[in-house]
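J.: Could you look at this predicted model? Sequence included:
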Amino acid sequence: MCDDESDDEEDDNKGAVLKMAASAPPTSQAPPQPSTVYPSLQTVGGSELKEKEDNDAYNNLLKTALIQGLHPTLKNQTMTTCIAWETKPLSEVWAHVLHAERNQTDIEQRHTDKDSLPAQARHYKTLQEMYKKQKPNQDAVSQLLDLEFDARRTFIDSDALKEEDRPTKILDAYPCFKDLNNVMDELRRILDKGNRKYIAEVKKRWEDFCSKVQFYRVWKKVMKPPMTLDGVEFAIALFRALPILFPSPAALPKKVGHASEALLHVFQPTEDPNVYLQKRSLFSPVLLLDGSNCLVTIGTTPITTFAKEDLYEGLLYLMAYYYTLHLTYPKCVATLLSVI
């Protein structure tokens, strides 16, 4: 009987164990996986976060060193195309650098092609064709003169041209320089090629120069007070006074009564311009003023005219022709022209 009771008790214990086992979670079930919706939360923490911060600081250092070490042209192009480069990945900044380099290489290649002698010869031929028209497009002429500058200056400045032959041969080859706008623009190319405002700056400096010396001229009694003169009379007085204020040690050429004759001659009512030109001993550019217009002449050859009201700027026109045609200053006014 005891054996039967012990068996019943054992069966009751087994049943309780089975019930507990049934209510417990199955041991074979996999543990829950971390969320994949925010993967950064798995890595940004502890040592991983510090490593990321260190890498960001290093990349920022590399980007700054890369940008600052570029050639100024590439640097400007990269910073223009890669907006907010400080916050961009290093790889993206590097891609912009390579793009800027390719662009610059293309620009330099086009510049090389532009400056090649065959290319400049084509520009010269185009320029000649344009001047067969009655009214050439002056904007197009200016652009061609920019492109053909190096070859032209090599031709003009060479020793192959004698001083006395230079004006005729150059103006035959480049009739555009009979236009004052073109010859003034050539002065800009020679003295400050990249400065489009150069002529305006020169005119302003000339105005300042004249205002600073006019009282000195009056004080030296080589000129009347300017308030008693109109614009043209003031310009004539200015041309006549400047060689006195800035004298040259050289003696005057024969048949030249005053050094200002190398700059300006005012015709008298009974004077014949053709006779004057044939007797002129100086070969240099000069301004000739009659009752209505002013004429630019080189040697005995008339070049172009302009309004007498612009005589005040006439000396700048003379300087432009000296530079454009690569002419030597007359010794009697060399000091003055060197100062200007």
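T.: Arrived safely. Numbers count the residues shown, from 1 in each chain.
J.: Am I right that Leu288 is in a strand?
T.: Yes - under DSSP: H, G, I helix; E, B strand; the rest coil, Leu288 sits within a strand.
J.: so it touches Pro273, yeah?
T.: Yes - counting by C-beta atoms under 8 Å, Leu288 touches Pro273, with 6.6 Å between them. C-beta here means a position set from N, CA and C on the backbone, and glycine is covered the same way.
J.: mind listing the strands in the protein by residue range?
T.: Applying DSSP state E to the chain gives strands spanning 264-266, 285-289, 293-298, 301-307.
J.: Which of those sits closest to Met319?
T.: strand 285-289 (8.9 Å; C-beta to C-beta).
J.: quick one: contacts of that closest one?
T.: The contact list for strand 285-289, computed with C-beta atoms under 8 Å, 6 or more residues apart in numbering, reads 232, 236, 239, 261-267, 273, 276, 280, 294-298, 303, 308, 311, 314, 317-318, 321-322, 327.
J.: ok, so what distance separates Glu129 from Lys135?
T.: 14 Å (C-beta to C-beta, to the nearest Å).
J.: quick one: which of the two has more around it?
T.: Neighbour totals were compared for Glu129 and Lys135, and Glu129 leads with 10 against 6 (other C-beta atoms under 10 Å).
J.: what stretches of this structure score poorly on pLDDT?
T.: Applying pLDDT under 70 to the chain picks out residues 1-54, 105-117, 215-229.
J.: rewinding a little: can you lay out the strands of the chain as JSON lines showing distance to His99?
T.: Output for the strands of the chain, formatted as JSON lines (distance: least, C-beta to C-beta, whole Å):
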{"stretch": "strand 264-266", "distance to His99": "58"}
{"stretch": "strand 285-289", "distance to His99": "51"}
{"stretch": "strand 293-298", "distance to His99": "51"}
{"stretch": "strand 301-307", "distance to His99": "49"}
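J.: Next, format these as CSV and append distance to Tyr198 and mean neighbour count.
T.: What follows is the strands of the chain, written out as CSV (distance: least, C-beta to C-beta, whole Å; neighbours: other C-beta atoms under 10 Å):
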stretch, distance to Tyr198, mean neighbour count
strand 264-266, 25, 20
strand 285-289, 20, 21
strand 293-298, 20, 19
strand 301-307, 20, 15
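J.: For the closest residue in space to His123 that isn't next to it in sequence, list the residues it contacts.
T.: Nearest residue to His123, sequence neighbours excluded (C-beta to C-beta, 6 or more residues apart in numbering): Glu148, at 4.1 Å. By C-beta under 8 Å, 6+ apart, the contact list for Glu148 reads 120, 123-124, 127.
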